[in-house]
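>>> 3D, please:
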Amino acid sequence: MELAELTRRLRTLKLPQLVGWQRTAAWAGLGVFLFALFLALTFPYDAVRARIASEADAVGLWVRIDALGPAFLGVSARGVRVGERPDGLGPPETTVRVDRLTLRPSLYPWGVGFSAALFGGTAGGAIGTGSAPRLRVHFDRLSLGKAGVGALTGVDAVGTLDGELSLDIPTSGPQGGQPDLSQASGRIQLTGTGLEVKGGTLTLPLMGQMTPVDLPPVNFGKLDADLDIKKGIGTLNALRLEGPELDIQGTGTVRLARAVAYCEPDVTLRIRPMPDFLRRMGMIAAGITQLPVDPADSAYRNAKLTGYLGKPNMRPGR
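As a prediction, this is how the structure comes out:
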């Protein structure tokens, strides 16, 4: 269609006349639109970005945002970097980067909803407010390689993770108390594919002392984990790492604590190493072969995981 013809049609276009409630609704809608537009154009995004960084510094975190701007019914941040606050004025050596983070109101649960692009994948969910906060999170195709796991833990790992987390966390103490993770209920589900350790160093409790151990490459294959949580006690419905070199199955419980590092696992692990894995693992293979044989299947060895998540203790099972 030619521009002249389009112009002629627009000039001759006749809109139906609005009467009664239609006119009122039209003016109300126009008012809401103009208010939202004015708010988006005049909102002090730079001041908010500086305030977020300042508040994070006060609690020992380093947070920087490259850009902050409007989004549909919310705000969107790009280039969000988070790390532990260093002693000096410069940025920390390692940070977690979120490419895009959008915040907007959530109806269920009532609170703040979010969506994010990070680690080559996506995540979303909502954080509910009220006397018993609710947390709903799902993530898809998160890349361990892009997440910088090596810089954070010393373990060079690759693979992708998908998962869902649903937690209702009551508050403890008087009115307005802090959320108490040790009384939470909900469910955590994880699946992983292409999980491999390429190398690195991991500090493990050996002979009563935390000892650095050089990790050889290991192909763990796929992960399936399902933890059902009731009043602070998590029961493993499923835990399995199944790959061409190892088959690891887990059963047991995890007692939650106010801090994640102090959660207490009580998990029995059944480990089936493949012959090629044992031939190239050296001392690690020798340690596995010293574990008790599983009474149900002699191809498996049994181990027990106890202690705390922040300081785990691995010992022979029964």
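
>>> hey, which strand is longest across the protein?
In terms of residue count, the longest strand belonging to the chain (DSSP state E) is strand 185-206.

>>> okay, and the beta partners of residue 197?
residue 157, residue 218 (DSSP bridges).

>>> next one, pLDDT for it please.
Per-residue pLDDT puts residue 197 at 89.

>>> separation between it and residue 214?
Per C-beta to C-beta, to the nearest Å, residue 197 is found 11 Å from residue 214. Bear in mind the C-beta positions are built from the backbone N, C-alpha and C, glycine included.

>>> more neighbours, the two?
Using other C-beta atoms under 10 Å as the criterion, residue 197 and residue 214 rank with residue 197 on top: 20 against 9.

>>> you'd agree that one is up against residue 220?
Yes - contact criterion C-beta atoms under 8 Å: residue 197 and residue 220 qualify, at 7.0 Å.

>>> helix, strand, or coil at residue 299?
On the three-state scheme (DSSP: H, G, I helix; E, B strand; the rest coil), residue 299 is labelled coil.

>>> could you report the pLDDT at the residue lying closest to it once chain neighbours are set aside?
Nearest in space to residue 299, with sequence neighbours left out and distances taken as C-beta to C-beta, 6 or more residues apart in numbering, is residue 272 at 5.1 Å. Looking at residue 272, its pLDDT is 94.

>>> quick thing: my sequence starts at 512, can you match it?
Sure, I'll start numbering at 512, so the last one becomes residue 783.

>>> the strands in the stretch 612-761 of the chain, which residues?
622-629, 632-639, 645-654, 666-679, 696-717, 720-725, 729-741, 744-753, 757-766 (DSSP state E, counting those that start in this stretch).

>>> what helices or strands is the third one leaning on?
Under the contact criterion of 3 or more C-beta pairs under 8 Å, 6 or more residues apart in numbering; DSSP states H and E, strand 645-654 touches strand 632-639, strand 666-679.

>>> got the angle between the last one and strand 696-717?
So that's strand 666-679. For strand 666-679 against strand 696-717, the angle by axes from the mean of the first three to the mean of the last three C-alpha atoms, to 10 degrees is 150 degrees.

>>> would you mind giving the helices and strands packed on strand 645-654 as CSV with distance to residue 613 and mean pLDDT added?
Below are the helices and strands packed on strand 645-654 laid out as CSV (distance: least, C-beta to C-beta, whole Å; pLDDT from 0 to 100):
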stretch, distance to residue 613, mean pLDDT
strand 632-639, 9, 91
strand 666-679, 19, 92
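
>>> JSON lines for the ones you listed, including distance to residue 648 and mean neighbour count?
Shown next, in JSON lines, are those (distance: least, C-beta to C-beta, whole Å; neighbours: other C-beta atoms under 10 Å):
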{"stretch": "strand 632-639", "distance to residue 648": "4", "mean neighbour count": "18"}
{"stretch": "strand 666-679", "distance to residue 648": "4", "mean neighbour count": "17"}
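
>>> using PDB, list the CA coordinates for the longest strand of the chain.
Written as PDB, here are the backbone C-alpha positions of strand 696-717 (Å, rounded to 0.1, in the frame of the first residue of the first chain):
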ATOM      1  CA  SER A 696       8.500 -27.500  54.100                       C
ATOM      2  CA  GLY A 697       8.500 -28.000  50.400                       C
ATOM      3  CA  ARG A 698      10.300 -29.900  47.600                       C
ATOM      4  CA  ILE A 699      13.500 -29.700  45.600                       C
ATOM      5  CA  GLN A 700      14.000 -31.400  42.300                       C
ATOM      6  CA  LEU A 701      17.100 -31.500  40.200                       C
ATOM      7  CA  THR A 702      18.100 -33.100  36.900                       C
ATOM      8  CA  GLY A 703      21.400 -32.800  35.100                       C
ATOM      9  CA  THR A 704      22.900 -34.000  31.900                       C
ATOM     10  CA  GLY A 705      26.500 -34.200  30.500                       C
ATOM     11  CA  LEU A 706      28.000 -33.700  34.000                       C
ATOM     12  CA  GLU A 707      31.800 -34.000  34.000                       C
ATOM     13  CA  VAL A 708      34.600 -33.000  36.200                       C
ATOM     14  CA  LYS A 709      37.500 -31.900  34.000                       C
ATOM     15  CA  GLY A 710      40.000 -31.600  37.000                       C
ATOM     16  CA  GLY A 711      40.700 -29.300  39.900                       C
ATOM     17  CA  THR A 712      41.300 -29.500  43.600                       C
ATOM     18  CA  LEU A 713      38.800 -30.300  46.300                       C
ATOM     19  CA  THR A 714      39.400 -30.100  50.100                       C
ATOM     20  CA  LEU A 715      38.000 -33.300  51.700                       C
ATOM     21  CA  PRO A 716      37.900 -34.600  55.300                       C
ATOM     22  CA  LEU A 717      40.500 -37.400  55.300                       C
END
